[in-house]
Each structure stands twice: as C-alpha cells, then as structure tokens.
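Trainee: Sequence and predicted structure below; questions after.
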Amino acid sequence: MRVTVRYFAIVRELLGRAVEERELPAGTTAGHLLDELAREHPAIERLRRSTMLMVNYQYVPPEHVLQEGDEVALIPPVSGGSGPFAITTDPLDAESVARAVAWPGAGAVVTFTGTVRATARGKAVHYLEYEAYPPAAEQAFRQIASEIQERWGIDRVAIVHRVGRVEIGEASVVIAVASPHRAEAFDACRYAIDRLKQIAPIWKKEVYEDGEVWIGSEAAYQQAFGHSTPPVS
C-alpha cells in the first residue's frame, strides 16, 4: 500500500523535505513506520521520544494500523464551537474574530490576542516564523471548542492562528469566546490558549541577530544534539 508522510518544523529541517510517498506492506502500523524512518534517519531516532503521530489529521497510538492512501504526519513538540477555526497567512483582526462569536444572549465577549514581543530569553527578537499542519491544527481548534462546550456550556468560540513570518507587534493568534456570563468567558478563553499550546500542531521559530530556535522544541534539541539550535546547512 502507498501512504503519504509529512514532516514539520524540526523534523522537516533535519531531513530537508516536507513530504514523501512510501510503499508499505499491508498491516503496517504507525509505530512500524516510525521504526523504519528512525532506522533510515538518525535525526528521527534521536527525537522519537518527543515525536507524536497523526494519521488523517488525528493523533494515533503506535499500534494504529495504516491503510492505503493514509496521510501520516510526524509531529514534533508543539510550541470545535461556532468558529471560525482557521490557519491563515493574512494579518489577524481581533475585532472581526470577536464579531464572529457575538450574539444577543452574550453578556461577555472575551478575546485573547497573542502578539510578537521584541525580546525573549534575554535576546532581541527580529521576527517570528510560524509553521502549522493546517487541517490537523484546525481540527485541534474544533476539539478545544468541543471541550469548552462540555465544560462550560459555551458554544460560541473562535480560534484563528497566523503562519509564516510575523513581525514584532503583530498578532499571531486571536481567540474569542462569547458567553452569557463574564467569569465563564474569561475561564474558557484562558483554557483555549493553554490547550492550543498543548495539542495544536503549530510551531514557532524565534529569529535573532545571531541565530534562531524552534520554541517548544528546545529541550528536545538539547537532548538530541547537545545544543539549543538546529544545525544550519
């Protein structure tokens, strides 16, 4: 059978490619595929403990059996509702995202806007680069909204994240939550950004004058390679 394998962020840079097609015997599991890739590429072997697997935009365990035409993604560590749930290269507008969830029964519309700051880890940041696995990230946004609805009964949630180069002071993510009461809206909005950082396949690279680093993957780099920034060819 034939499957598509996609690589992102750290793994993509180390392997020098974003996608490839592979022929596999019937009955191959996602874990077997990862074993095969790790044998071929020492970089994957060194990062495998912090790498997760997705098949057709869903996280899967290693024992998941692959099927003809599946899309498999190796997910390095990552830095539901009314929507929109979107990955975009366009500049973000917090007001338009808030309007998307507003409704007559809302006593509160809470928004969170994450912006690029000029310094981090004691260094001057020139700009950020975001990379995402868009269909899977948008599915993760829907999952977060579903969790919010189950926990707080709120069904008016929007999450929009920008990818590509984002300059100092520009917005990288906007989350909006509308609820009859402010306390639940604040709690749900904070939950959404915290949960996004846990499960959404989105990666952030900080670019400095003297180097760059994938944030959220720094510990994995240090463990695998003994330094905090990836090798640059």
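Mentor: It's in. Since we're looking at a predicted model, the values are computed, not measured.
Trainee: residue ranges of the helices in this structure, please?
Mentor: Counting by DSSP state H, the chain has helices at residues 9-15, 30-40, 42-47, 94-101, 134-152, 182-199, 218-225.
Trainee: So which bits of the third one are buried?
Mentor: When neighbours are counted by 16 or more other Cβ atoms under 10 Å, the buried residues of helix 42-47 are found to be Ala43, Ile44, Arg46, Leu47. In short, each C-beta sits where N, CA and C put it, glycine included.
Trainee: Run a quick neighbour tally on Pro91.
Mentor: Applying other Cβ atoms under 10 Å, we find 10 other residues in the vicinity of Pro91.
Trainee: pretty sure it contacts Val163?
Mentor: No: counting by Cβ atoms under 8 Å, Pro91 stays clear of Val163, with 11.9 Å between them.
Trainee: Could you work out the most separated pair of the buried residues of helix 42-47?
Mentor: Farthest-apart pair in those is Ile44 and Arg46; separation 7.3 Å (Cβ to Cβ).
Trainee: low pLDDT regions in this protein?
Mentor: Scanning the chain for pLDDT under 70 picks out the ranges 49-50, 77-82, 216-233.
Trainee: Could you list the domains of it?
Mentor: Following automatic domain parsing, one gets these domains for the chain: 2-75, 85-214.
Trainee: Out of these, indicate the one that is most buried.
Mentor: The highest mean neighbour count among the domains of the chain, using mean count of other Cβ atoms under 10 Å, belongs to domain 85-214: a mean of 18.
Trainee: from the chain's centre, how far out does it sit?
Mentor: Centre-to-centre, domain 85-214 and its host chain are 11 Å apart (Cα atoms, centre = their mean, to the nearest Å).
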